[in-house]
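Engineer: Only the shape, not the letters, is given here:
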């Protein structure tokens, strides 16, 4: 149980284009999904928290107009990197939580990640 | 600033020995603690979570929590080369988001 998928796993794009990454919870309903970014040899940095049916909450320093998040259903959240630039090249990872009850809602399960390279 | 501290390593352990990974956190009120394993180029996978003081065992893994001293540790018994990875400690402070440590890189030497 608790399987989270991401698509695509790899994307290479030209500077200035937009890239959409999908995150799906396959066997549970996720009331909350999280988007992280990880640069080489660094830890995960939370970018935003998305709740189904409401606007995402962005972390300080993350541009909400550049990183558009949509959480249209309990099993799907999307992250769109708009007008991507080389400095946006990173490993983007989503996680999902919020199933079960009580403290188990806090447990997050990660998708396999999407590696973005902007040329 | 709520923080999670880990020794970045690398920590080298002979195959078959016990690997001990430590983590300290800054907020005494924290209630939820997690250990994730991350292989190079992959996303983190959950190993264990622990909420209560004491030990929690799952196979070769044991998580230990000491809230008074504000540390949580992970023991890996009978270490295998496949255990070589970066281990991330994560803490939820109050009702806030999961905060990760920088991770400890563990290498199991055959």
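Structural biologist: Structure's in. What do you need? If you're wondering where the values come from, they're calculated on a predicted model, not measured in any experiment.

Engineer: need the contact list for residue B:102.
Structural biologist: Neighbouring residues of residue B:102 by CB atoms under 8 Å, 6 or more residues apart in numbering or on different chains: A:42-43, B:6, B:8. C-beta coordinates here come from the backbone N, C-alpha and C atoms, glycine included.

Engineer: how about 7 Å then?
Structural biologist: Counting by CB atoms under 7 Å, 6 or more residues apart in numbering or on different chains, residue B:102 makes contact with A:43, B:6, B:8.

Engineer: Pick out whichever of these sits closest to residue A:64.
Structural biologist: Closest approach between the contacts of residue B:102 and residue A:64, by CB to CB: residue A:43, at 22.4 Å.

Engineer: Quick check: phi and psi at that closest one.
Structural biologist: Torsion angles at residue A:43 (phi, psi; degrees, to the nearest 10) stand at phi -80, psi 180.

Engineer: how far away is it from residue A:88?
Structural biologist: Distance of residue A:43 to residue A:88, computed by CB to CB, to the nearest Å: 18 Å.

Engineer: swap in residue A:66?
Structural biologist: Distance from residue A:66 to residue A:88, counting by CB to CB: 8 Å.

Engineer: if I look at these two, which residues touch both of them?
Structural biologist: Common neighbours of residue A:66 and residue A:88 (CB under 7 Å, 6+ apart) are residue A:81.

Engineer: more crowded one of the two?
Structural biologist: Between residue A:66 and residue A:88, counted using other CB atoms under 10 Å in any protein chain shown, the more crowded position is residue A:88 (19 against 15).

Engineer: Model confidence for the more buried one, exactly?
Structural biologist: As predicted, residue A:88 sits at a pLDDT of 96.

Engineer: if I read this right, it contacts residue A:81, doesn't it?
Structural biologist: Yes. In this structure residue A:88 lies within contact range of residue A:81 using CB atoms under 7 Å: 5.6 Å.

Engineer: Could you pull out the residues contacting both of these two?
Structural biologist: residue A:116.

Engineer: which other helices and strands contact the lowest-mean-pLDDT helix or strand in chain B?
Structural biologist: Least confident helix or strand, chain B: strand B:98-100 with a mean of 87, by mean pLDDT, DSSP states H and E. Contact partners of strand B:98-100 among helices and strands, from 3 or more CB pairs under 7 Å, 6 or more residues apart in numbering or on different chains; DSSP states H and E: strand B:85-92.

Engineer: Good, we can wrap up now.
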